[in-house]
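Colleague: below are the sequence and a predicted model for it; my questions follow.
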Amino acid sequence: MLLTDLITTLQLSIGPVILISGVGLILLSMSNRFARVIDRSRLLSKDFNNVSNIDRIRIVEELRILSSRAKIVRAAIALAVLSVLLAALLVISLFLGALFQMGIAVYIVAIFILCMLSLVTSLLLFLADINLSLKALWLAIPPAVSIDAKIATH
């Protein structure tokens, strides 16, 4: 492999490396949301025995939403991590293909498409979590205020 070939390969690998960095920031945000879901669930579970029956119903409903949110965020994190792993595999494939002069363009395209599909799905799940968090918020707001808040957001 000539130095000029190596430079070209390095230039091609910059995109996936930047993708890894960007998804890393998204993962940080997702893990913070996951931690908030867990913390809120623990807080509500502690309060459960010290509230009235009406409040218990609200807490159970909110805990169900939080459980769904935790599952969604976990899946989003897993898909984002898969996207990063595929981007790393893409960089390795680019270097191995250039080093051994293998015709692996189809393989590289497939990895890139899987990487992007994983990232897009992860972001859609992240958006679903945000929508569920609004449902939990509406449960936590007193009924008189809740109606006004729902009308204002629709």
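Modeller: Good, I have the coordinates. Remember, predicted model here, so these are calculated numbers, not experimental data.
Colleague: could you say which helix or strand holds the residue nearest the centre of the chain?
Modeller: By CA atoms, centre = their mean, the chain has its centre lying nearest to residue 76, at 3.5 Å. If you go by DSSP states H and E, residue 76 is part of helix 53-100.
Colleague: list the contacts for the residue nearest to the centre of the chain?
Modeller: Going by CB atoms under 8 Å, 6 or more residues apart in numbering, residue 76 touches 30, 122, 123, 125, 126, 129. All C-beta atoms are positioned from the backbone trio N, CA, C, and that covers glycine.
Colleague: re earlier: which of the residues in the helix or strand just after the helix holding residue 76 are buried?
Modeller: Downstream of helix 53-100, the next assigned helix or strand under DSSP H and E is helix 105-140. Within helix 105-140, the residues that qualify as buried are 108, 111-112, 115, 118-119, 121-123, 125-126, 128-129, 132-133, 136, 138-139, counting by 16 or more other CB atoms under 10 Å.
Colleague: so for helix 105-140, what's the average pLDDT?
Modeller: For helix 105-140, mean pLDDT is 93.
Colleague: report all helices and strands that that helix contacts.
Modeller: When contacts are defined as 3 or more CB pairs under 8 Å, 6 or more residues apart in numbering; DSSP states H and E, helix 105-140 packs onto helix 3-47, helix 53-100, helix 143-153.
Colleague: rerun that using 6 Å as the cut-off
Modeller: On a contact count with 3 or more CB pairs under 6 Å, 6 or more residues apart in numbering; DSSP states H and E, helix 105-140 meets helix 53-100.
Colleague: okay then, goodbye and thanks.
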